[in-house]
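Undergrad: Predicted model, plus sequence, below.
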Amino acid sequence: MLIVGLTGGIGSGKTLVSDYFKSLDIVVVDADVVSRQVVEPGTEALGKIAEKFDKDILNSDGTLNRRVLRNIIFNNPNEKQWLENLLHPLIGLETARQLQNSQSAYTVFVSPLLIEIGQYKMTNRILVVDAPENLQVSRTVERDDTQAENVQAIMDTQATRQRRLEMADDVILNDGDINSLHKKIDDLHKLYLKLSLE
């Protein structure tokens with residue numbers, strides 16, 4: 001089974017790319033989605049989080065209040081470490097399970113931290129969605145209705161653009177229109193179908 005690791009900085013267009021792979025009937029396993037699945041109501045992980053950080057961490061419907069949790073761990077390295085120690089193994093197991101169960105010709109595994117936390121070791125190839133940094137900032141400011149400084153702070157925690165490009169087997173430069181992006185993905189789709197048969 002060919003597993004393509006898809007990554008890129010914030011605002012690079014990872015979701016546009018992964019959504020297009022889905023439209024080509026390719027299974028996409030997304031680390032962000034998995035990280036939400038492991039803390040759904042009724043999970044052991046959510047119970048432990050609520051126990052540690054009090055019930056204020058839950059929304060009225062019993063789901064995790066991510067904003068409150070983010071605020072707690074953002075300024076507290078010890079709490080952040082505790083949370084990562086709890087969730088990272090669970091996310092790893094669930095990701096591996098979903099990758100293993102994939103039935104498409106090849107599978108795309110999307111993670112913003114593919115390189116930073118070593119998840120690329122679960123893949124056969126690394127595909128980087130790349131964009132100039134000023135474009136990443138302007139897209140994210142518009143999408144998330146946030147400040148440029150906040151976007152820059154997130155970018156500073158991610159692998160540098162240069163590091164991602166050094167690790168990449170394939171690169172999609174996403175600085176044009178949607179049609180040119182789709183054409184680049186179509187070309188890679190053909191390549192991955194060919195590689196999956198080898």
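TA: Now that the structure is in, tell me what you want to look at.

Undergrad: any chance you could map the strands in the chain?
TA: Taking DSSP state E as the criterion, the chain contains strands spanning 2-7, 27-30, 106-110, 125-130, 170-173.

Undergrad: Show me what the last one is packed against.
TA: With contacts defined as 3 or more C-beta pairs under 8 Å, 6 or more residues apart in numbering; DSSP states H and E, the secondary structure elements packing on strand 170-173 are strand 125-130, helix 178-196. C-betas here are computed from N, CA, C, even on glycine.

Undergrad: Comparing those, which stretch has the densest surroundings?
TA: Among the helices and strands packed on strand 170-173, judged by mean count of other C-beta atoms under 10 Å, the one packed with the most neighbours on average is strand 125-130 (a mean of 23).

Undergrad: who does it pair up with?
TA: strand 2-7 (parallel), strand 170-173 (parallel) (DSSP bridges).

Undergrad: and residue 57, which of those is closest to it?
TA: Checking the strands paired with strand 125-130 against residue 57 by C-beta to C-beta gives strand 2-7 as the closest, at 28.9 Å.

Undergrad: Between strand 106-110 and the closest one, find me the angle.
TA: Between the axis of strand 2-7 and that of strand 106-110 there is an angle of 20 degrees, by axes from the mean of the first three to the mean of the last three C-alpha atoms, to 10 degrees.

Undergrad: Contacts made by strand 2-7 with the rest, please.
TA: Contacts made with strand 2-7 from outside it, assessed by C-beta atoms under 8 Å, 6 or more residues apart in numbering, are listed as 14, 17-18, 21, 99, 105-115, 119-120, 122-129, 164, 170, 192, 195-196.

Undergrad: Buried ones among those?
TA: Buried subset of the contacts of strand 2-7 (neighbour count, 16 or more other C-beta atoms under 10 Å): 14, 17-18, 21, 99, 105-112, 114-115, 119-120, 122-129, 164, 170, 192, 196.

Undergrad: Is residue 139 in contact with residue 11, as I believe?
TA: Yes - at 4.0 Å, residue 139 and residue 11 qualify as touching, with contact defined as C-beta atoms under 8 Å.

Undergrad: Between these two, which contacts overlap?
TA: Shared contacts of residue 139 and residue 11 (C-beta under 8 Å, 6+ apart): residue 131.

Undergrad: re earlier: could you redo the strands of the chain as CSV and give each row mean pLDDT and distance to residue 146?
TA: Putting the strands of the chain into CSV (pLDDT from 0 to 100; distance: least, C-beta to C-beta, whole Å) gives the following:
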stretch, mean pLDDT, distance to residue 146
strand 2-7, 97, 21
strand 27-30, 98, 21
strand 106-110, 98, 22
strand 125-130, 97, 20
strand 170-173, 96, 24
